[in-house]
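Engineer: sequence plus predicted model, see below.
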Amino acid sequence: MCRNIHTLHNFEPAATSEEVHAAALQYVRKIAGTTKPSKANQDAFDQAVHEIAHITQHLLDDLVATTPPKNREEEAAKARARAVRSGRYATA
């Protein structure tokens, strides 16, 4: 489940609120042990996602980078190349 949480700090352009929300959702899913909460737990689940996304955005806003921002496209290309080299994905 948590494989979808990616580093959000020090990228250009900066992480979007959708990316922050997606990371919070993945985190809560992992902690809760479910991708779809029961109706009885839906409110608590949604509240946790909201609060974690909020504090994550504050963290990202407050972090200071000492290196230049990374380029999203370049980093994605590197990740794809690593995946191909590892044999997880076939080359196209």
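Structural biologist: Arrived safely.
Engineer: please export the C-alpha coordinates of stretch 49-66 as CSV.
Structural biologist: Coordinates of each C-alpha in stretch 49-66 appear next as CSV, following Å, rounded to 0.1, in the frame of the first residue of the first chain:
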residue,chain,number,x,y,z
VAL,A,49,-6.7,11.9,6.0
HIS,A,50,-7.7,15.6,6.3
GLU,A,51,-5.6,16.2,9.4
ILE,A,52,-2.5,14.4,8.1
ALA,A,53,-2.7,16.2,4.7
HIS,A,54,-2.9,19.5,6.6
ILE,A,55,0.1,18.9,8.9
THR,A,56,2.0,17.4,5.9
GLN,A,57,1.5,20.6,4.0
HIS,A,58,2.8,22.6,7.0
LEU,A,59,5.8,20.4,7.2
LEU,A,60,6.6,20.8,3.5
ASP,A,61,6.1,24.6,3.8
ASP,A,62,8.5,24.7,6.7
LEU,A,63,11.3,22.5,5.5
VAL,A,64,14.4,24.2,4.2
ALA,A,65,16.4,22.6,1.3
THR,A,66,20.1,23.0,1.0
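Engineer: buried sites along it?
Structural biologist: By neighbour count on 16 or more other CB atoms under 10 Å, the buried set for stretch 49-66 is Val49, Ile52, Ala53, Thr56, Gln57, Leu60. (Each C-beta comes from the backbone N, C-alpha and C, glycine too.)
Engineer: what about that stretch, distance to the chain center?
Structural biologist: Once both centres are worked out by CA atoms, centre = their mean, to the nearest Å, stretch 49-66 turns out to sit 12 Å from its chain's centre.
Engineer: avg pLDDT for it?
Structural biologist: In this model, stretch 49-66 has a mean pLDDT of 97.
Engineer: kindly report the same for stretch 75-92.
Structural biologist: Per-residue confidence for stretch 75-92 averages out to 80 on the pLDDT scale.
Engineer: ok, and what's touching that stretch?
Structural biologist: When contacts are defined by CB atoms under 8 Å, 6 or more residues apart in numbering, stretch 75-92 is touched by residues Phe11.
Engineer: now it - C-alpha only, CSV.
Structural biologist: The C-alpha atoms that make up stretch 75-92 are tabulated as CSV, following Å, rounded to 0.1, in the frame of the first residue of the first chain:
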residue,chain,number,x,y,z
GLU,A,75,13.4,11.9,-11.3
ALA,A,76,10.5,10.0,-12.8
ALA,A,77,12.7,8.9,-15.8
LYS,A,78,15.4,7.7,-13.3
ALA,A,79,12.8,5.7,-11.4
ARG,A,80,11.5,4.1,-14.6
ALA,A,81,15.1,3.2,-15.6
ARG,A,82,15.7,1.6,-12.2
ALA,A,83,12.5,-0.4,-12.4
VAL,A,84,13.5,-1.7,-15.8
ARG,A,85,17.0,-2.6,-14.7
SER,A,86,15.6,-4.4,-11.6
GLY,A,87,13.5,-6.6,-13.9
ARG,A,88,10.2,-5.5,-12.4
TYR,A,89,9.1,-4.1,-15.7
ALA,A,90,9.8,-5.2,-19.2
THR,A,91,11.2,-2.7,-21.7
ALA,A,92,8.7,-1.4,-24.2
